[in-house]
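# Have a look at this prediction, sequence included:
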Amino acid sequence: MQFDARRLFSAHKLRFVEGDVIYLQGDNGSGKSTLMKILAGLLKPSQGYVFSQGFSRPAWWQSDSLLGKAVYLHQHPYLFDGTVKYNLTYGLPVRKIRTKALQQRLEQAINMAQLSDLLQHSASDLSGGERQRLAIARAWICQPKLLMLDEPISNMDKHSQRLVLAMINQLKIEGTGLLISSHQTCGLTALCQQHWHIKDQVIHTSQHVPNLDTQQDNSVMGSHYVIAK
Ligand SMILES: Nc1ncnc2c1ncn2[C@@H]1O[C@H](COP(=O)(O)OP(=O)(O)OP(=O)(O)O)[C@@H](O)[C@H]1O
């Protein structure tokens, strides 16, 4: 992948299978978000291609079969103008929205993300952490095949982190594949079973997640930083 003459990364072959839970590591600007957007079908790689297998054919108005099934969640998630409830229900299949199963999943998401007191609030009034909780709750309802979380806990206090961890863990149990980027080790990175690392413009893959705490550069471990356990 490159932008104009600037090369970001290359990879011979990456495989992301439904149910895989992968920790994506890389320095600022190494291309983690870009890689996630490629896998979500939002960006095209400058060379090579993304081959998706096992997805139903895209509807006639969709250009890519990954759209809506491989979901990319930005660290500053995009929300629609309108209430929290509107954001949770927008885009759900009109015919299915009245089904009992979907109603139950909606209620469960509201409870798990503790959004019930905020349902009638305008999404634009939410705090950064609440916005992320809402975006994750919305993705949780849709149960994507693959969910890519870009710095999901960057704005969150410990309470919100625990709520989100429970939701993501539930998706993992249900078989959703996860690709999680985070600059800090946390409960979410502890869920990961594989490791992708963008280093020196190459995506290195491993079937094991290294002990990330011992990887920290001592020079940033001084008085300014506390590494969350
Ligand atoms: N559409 C674009 N056009 C040109 N350059 C871009 C574009 N999108 C991203 N970049 C550049 O590509 C580089 C990688 O960006 P990206 O957001 O993927 O990095 P990242 O690893 O997610 O960074 P961070 O850890 O800081 O979030 C950055 O230097 C960014 O400015």
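Right, received. Where do you want to start?
# How much space separates Leu14 from Cys186?
Computed as CB to CB, to the nearest Å, the Leu14 to Cys186 distance reads 24 Å. (Glycine included, C-beta is placed from N, CA and C.)
# Compare these two (neighbour count), which wins?
Neighbours per residue, other CB atoms under 10 Å: of Leu14 and Cys186, the larger number sits with Cys186, 21 against 14.
# measure that one to the ligand for me?
Taking CB to the nearest ligand atom, to the nearest Å as the measure, Cys186 falls 15 Å from the ligand.
# Counting by contacts, list what whatever helix or strand Tyr72 lives in packs against.
Using DSSP states H and E, Tyr72 maps to strand 70-73. Strand 70-73 sits against helix 32-39, helix 128-142, strand 146-150, with contacts defined as 3 or more CB pairs under 8 Å, 6 or more residues apart in numbering; DSSP states H and E.
# could these go into JSON lines alongside mean neighbour count, distance to Val21 and mean pLDDT?
As requested, those are exported to JSON lines (neighbours: other CB atoms under 10 Å; distance: least, CB to CB, whole Å; pLDDT from 0 to 100):
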{"stretch": "helix 32-39", "mean neighbour count": "22", "distance to Val21": "14", "mean pLDDT": "95"}
{"stretch": "helix 128-142", "mean neighbour count": "22", "distance to Val21": "15", "mean pLDDT": "92"}
{"stretch": "strand 146-150", "mean neighbour count": "25", "distance to Val21": "10", "mean pLDDT": "94"}
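# Now the element after the strand holding Tyr72, going C-ward?
Sequence-wise, the next helix or strand downstream of strand 70-73 (DSSP H and E) is helix 84-89.
# mind checking how far that next one is from the chain centre?
19 Å (CA atoms, centre = their mean, to the nearest Å).
# Would you mind naming what in this structure lies close to the ligand?
3, 8, 26, 28-34 (CB under 6 Å from any ligand atom).
# hmm, try it at 8 Å
Within reach of the ligand by CB under 8 Å from any ligand atom, the chain has these residues: 3-4, 6, 8, 26-37, 43, 75, 150-151, 181, 183, 198.
# for this protein, where's the lowest mean pLDDT among helices and strands?
helix 212-215 (a mean of 62; mean pLDDT, DSSP states H and E).
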